[in-house]
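A.B. asks: Provided below are the primary sequence and the corresponding predicted coordinates.
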Amino acid sequence: MSVSELSEFLDAAVKDINRLENGFLLGVGYNGDKGLAYLKLLEPLNQKVYYYYDKTGHKPYCYSKKTPEELSYLLKRSDVIKIETVSKWDPLTDKTINVSKIITTDPLAIGGNPGEKSIRNIEECYEADIKYYENYIYDNGLIPGTYMKIDRNGMSNVSNSLSGEMQSALQEALASSDDFLKKYIYEFSGLLSQPIPFIKRAAIDIEVLTETENRLPDADSATQPIISISLVGNDGGGEVFVLNREVQNEKENKLPEGVKLRVYDDEKQLLIEFFNSILQYPVILTFNGDSFDLPYLYHRAVNLKIPKEAIPIILQREMATFVHGIHIDLYKTFNNRSIQGYAFSNKYSEHTLNAVSEALLGEEKVAIDNTINDLSMNNLAYYNYVDSKLTLNLTTFDSDLLIRLLVVLSRIARMNIEDVSRLSVSNWIRSMLIYEHRRRNALVPRKEEIESKGSEAVSRAIIKGKKYLGGFVIEPTVGVHFKVIVLDFASLYPSIIKVYNLSYETVKCPHEECRTNILPNTSYWACKINRGMTSLLIGALRDIRVNYFKRLSKKAKTKEEKEFYNVISQALKVVLNASYGVMGFENFPFYCLPVAESTTALGRYSIQQAIDKTKSLGIPVIYGDTDSLFLKSPTDEQVTEIVNWAKDTLGIDLEIDKRYRYVAFSQRKKNYIGVYEDGSVEIKGLSGKKSHTPDFIKKVFYDVIQILSQVKSQSDFEDAKEKIRKRIRQAYLDLKNRNIPLDELAFKVMLNKSLDDYTDTTPQHVKAAQLLSQRKEIKSGDIIAYVKTVGKEGVKPVEMAKKEEIDVNKYIEFMDSTFEQLLDALGFSFEEIIGASRIEDFFGF
DNA sequence: ATCTGTGGCCACCAGC
DNA sequence: GCTGGTGGCCAC
């Protein structure tokens, strides 16, 4: 395809919408040159993207509490068309008021976010008292990630009907939910139960000739040639576009079957044909494409005099995307703390392609000795191919888990996938709430208006620097306890938000008659007249997760069904877990400290009531943390009684979470060992399992755990002690004889700031990082591996240290404290095991 | 420019 | 040597 043909293709695509009847709403596009904003719709059958530009003359708008007369000066602006009076409900005062609607022309306001850019000058917005902006998607009630119908009247959502199982599950869910939630449950079930189509996609990655070692080439100047580009699709397709270079005869890596090697002498031709190839894919994946691959491609293409209209890349301020489809930068997605924690249970901590792939896929990048400059053509192509393949696989493993998670999140957040994959959880929840305001014809308050309810907490946090008091942790009863049952409030904070009607507009509401409705354990009151918006939404999401999807998942017959329900359950979990936190987050647009503070206060109230109830039945509560209770040897009847009591009295589900054969506590909170009925061991908080602990010590730790977990009687115990003694002695000797490989002695600690930002103290990992920075680039987010050495600094990066420099005593000390936690808990002492009070004493230091 | 919350343990740093 | 503070990692 020639350059001009490509340009024609893109133009034609915009018109193609007339042929489309049903599309899957993928995203929002903006073409600055054409001054055109449009929706990107995927045709699920042929996987082509169509573009929808509303010709009905829709114009973005925003609201102000000032009168049209007061705002008349705005009409002088070229982008303000008209100002008119409309009526809106103001949640904070619970009154319907007249406001001014300011209609603009700026097509940017069509974007996925609520179009803040429609009047771009922030000060001007304040002066005009702008309340909130509209947005094409919200205005029209369109939900991204769902099916759309297009006809003469425009575009509207298609609601797929529920299957038989879904319908009966919905009936059950409705029956067990409160009346005021039924409408929401009904809606969410319809929305989230929609099937997720196959999404054709390809991952791309570019390799650039490097100038200096360990430095990334500059994407803005793009001075160095692109020597290889790989593209790997989930449809089995794959190509590597490589600049001709020397082929060595020695053993070279071969591209797998089906992946074409395309060799070019001319870099410009290489780029043009690559641009042509990506047009087949509606979704393009990269790892760090926003800040490197796409800007580099774009600027390099410009440098090579490819006409701008033939480059299908659009560079925006913080992201890059494609004219013909959407771009997901997985680097940003995997950096998202919610995705990292709740979707992937913190399986990776470093955010490089290699680290994430290794943790989630068990695969790694191709290791190379030097720079890619030295690779032969086939080896370069293979190296490049593997990077794209890994990137693609990050979205395909576990039956397309990640891509499907993004689609579901996009439905919940009412936000397009490009934004959902880049922005954090507070933006998702913000979007969801603004959509709800819009639907109710409610004015979105400004943050300062909500804050006028009170910005001083009533409670005092235990940790210095925190704003308010959090969860309650029960002092553990030291020792080994048999037959322990752990009860757990099911999603405690979302339940509290639902049950006590917590929302920014309902806590300290304006009605006189509600002031007596004091929330227990607080000095705040809650509204008796209206149900709060966050209470409704969070409550409904909680109920639909527990009463609808969890039940469906249990009944699922096929693996596919089960996976589908699990994905939705995961997405709901992510949003629910963050829903309380954002209320206490200052930068959240609906930040409301009284709501956050009441939530934890009611949490403490709930657990304290449960403790009292349990103790009144004569059952010892040996530990508990925020929403859990560890009960010592209760009978089944007693447990049932407590569970029923919680449901009836608190209105919150208390469930049996775990049954331990025994649990061992030291005097430390958040620090224990539990052994299940089947003998498997769970370790919480102990240093021996922490990620920064050297592998050598972890190994000894887990070996000792293994020995201890087999103890069932007194005679086993004698055996165990002997085994532990041997194991510790062996470890000691290995240390002393310097028999341990250096990397097993390395502490691995994340650098959370850039090196210059450590101004207060210089921790050990920073000292090591400073030494390393002379050799290579060190940046925030890197994990620094260092060993403790005898020198003045006491620390060296593992790759710069020698075995002789290791400070053996420091390692003995660390082992000492690691095992002390374990032995304290089990009620053993070093004395019992090795005849000395500490390892150090035993070996005569 | 980006960021959901608080509670708790541990090692080390820096200042007295 | 003691102590408060910093920083990291974890529990929930």
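C.D. replies: Good, I have the coordinates. Residues are numbered from 1 along each chain as shown, chains lettered A, B, ... in the order given.

A.B. asks: which parts of chain A sit against DNA strand C?
C.D. replies: A:346, A:349, A:464, A:471, A:625-628, A:670, A:683-685, A:689-692, A:748-753, A:758-761, A:763, A:765-766, A:783 (C-beta under 7 Å from any atom of the strand). Yep, even glycine has a C-beta here, placed from its N, CA and C like the rest.

A.B. asks: Which of the residues you listed fall within helices?
C.D. replies: A:765-766 (DSSP state H).

A.B. asks: Just the buried ones from the residues of chain A next to DNA strand C?
C.D. replies: By neighbour count, with 16 or more other C-beta atoms under 10 Å, the residues of chain A next to DNA strand C hold A:625-628, A:683, A:748-749, A:751, A:758, A:765-766, A:783 as buried.

A.B. asks: export the residues you listed to a markdown table and tack on pLDDT?
C.D. replies: A markdown table is the format used below for these (pLDDT from 0 to 100):
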| residue | pLDDT |
| --- | --- |
| A:625 | 98 |
| A:626 | 97 |
| A:627 | 97 |
| A:628 | 98 |
| A:683 | 95 |
| A:748 | 96 |
| A:749 | 95 |
| A:751 | 95 |
| A:758 | 93 |
| A:765 | 96 |
| A:766 | 95 |
| A:783 | 94 |
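
A.B. asks: Pull out whichever of those residues are also neighbours of DNA strand B.
C.D. replies: residue A:626.

A.B. asks: Share the number of residues neighbouring residue A:490, please.
C.D. replies: Close neighbours of residue A:490, defined as other C-beta atoms under 10 Å, add up to 17.

A.B. asks: per-residue confidence at the closest residue in space to it that isn't next to it in sequence?
C.D. replies: Closest residue to residue A:490 apart from its sequence neighbours, by C-beta to C-beta, 6 or more residues apart in numbering: residue A:653 at 4.2 Å. pLDDT, residue A:653: 95.

A.B. asks: got the contact list for residue A:653?
C.D. replies: Contacts for residue A:653 (C-beta atoms under 8 Å, 6 or more residues apart in numbering) come out as A:489-490, A:495, A:546, A:646-647.

A.B. asks: Phi and psi next, for it.
C.D. replies: phi -80, psi 120 (degrees, to the nearest 10).

A.B. asks: Need the nearest residue in space to residue A:338, chain neighbours excluded.
C.D. replies: Using C-beta to C-beta, 6+ apart, the nearest residue to residue A:338 is residue A:425, at 4.3 Å.

A.B. asks: I'd guessed the one you found sits against residue A:342; true?
C.D. replies: No. Residue A:425 is beyond contact range of residue A:342, at 9.3 Å (criterion: C-beta atoms under 8 Å).

A.B. asks: so what's in contact with these two at the same time?
C.D. replies: The contact lists of residue A:425 and residue A:342 share residue A:574, where a contact means C-beta under 8 Å, 6+ apart.

A.B. asks: out of these two, which sits in the busier spot?
C.D. replies: Neighbours were counted for residue A:425 and for residue A:342 using other C-beta under 10 Å; residue A:425 has more, 24 against 20.

A.B. asks: For the more buried one, grab phi and psi.
C.D. replies: Main-chain dihedrals, residue A:425, degrees, to the nearest 10: phi -60, psi -30.

A.B. asks: mind listing what it touches?
C.D. replies: A:336-338, A:574-575, A:578, A:582.

A.B. asks: Show me which of these is closest to DNA strand B.
C.D. replies: residue A:337 (3.4 Å; C-beta to the nearest atom of the strand).

A.B. asks: Once you drop chain neighbours, what's closest to that closest one?
C.D. replies: Once flanking residues are discounted, residue A:337 sits nearest to residue A:424: 7.1 Å by C-beta to C-beta, 6+ apart.

A.B. asks: Likewise for residue A:292?
C.D. replies: In space, residue A:292 comes closest to residue A:219 once its chain neighbours are excluded; the distance is 5.4 Å by C-beta to C-beta, 6+ apart.

A.B. asks: Would you check that residue A:229 makes contact with residue A:270?
C.D. replies: Yes. In terms of C-beta under 8 Å, residue A:229 counts as a neighbour of residue A:270; the distance is 7.1 Å.

A.B. asks: Now the common contact residues for the two.
C.D. replies: Residues touching both residue A:229 and residue A:270 by C-beta under 8 Å, 6+ apart: A:241-242.

A.B. asks: Could you check which of these two is surrounded by more residues?
C.D. replies: For residue A:229 versus residue A:270, neighbours defined as other C-beta under 10 Å are more numerous around residue A:229 (28 against 23).

A.B. asks: Just want to check the distance between the more buried one and DNA strand B.
C.D. replies: 26 Å (C-beta to the nearest atom of the strand, to the nearest Å).

A.B. asks: try residue A:556
C.D. replies: Using C-beta to the nearest atom of the strand, residue A:556 is found at 28 Å from DNA strand B.

A.B. asks: Using the three-state scheme, assign the residue nearest to that residue when sequence neighbours are not counted.
C.D. replies: Counting by C-beta to C-beta, 6+ apart, residue A:556 lies nearest to residue A:562, which is 4.1 Å off, once chain neighbours are set aside. Here residue A:562 is helix, with the state taken from DSSP: H, G, I helix; E, B strand; the rest coil.

A.B. asks: Now do the contacts for the residue nearest to residue A:337.
C.D. replies: A:336-338.

A.B. asks: Make a markdown table from those and add secondary structure and neighbour count to it.
C.D. replies: Formatted as a markdown table, these follow (DSSP: H, G, I helix; E, B strand; the rest coil; neighbours: other C-beta atoms under 10 Å):
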| residue | secondary structure | neighbour count |
| --- | --- | --- |
| A:336 | coil | 18 |
| A:337 | helix | 11 |
| A:338 | helix | 18 |
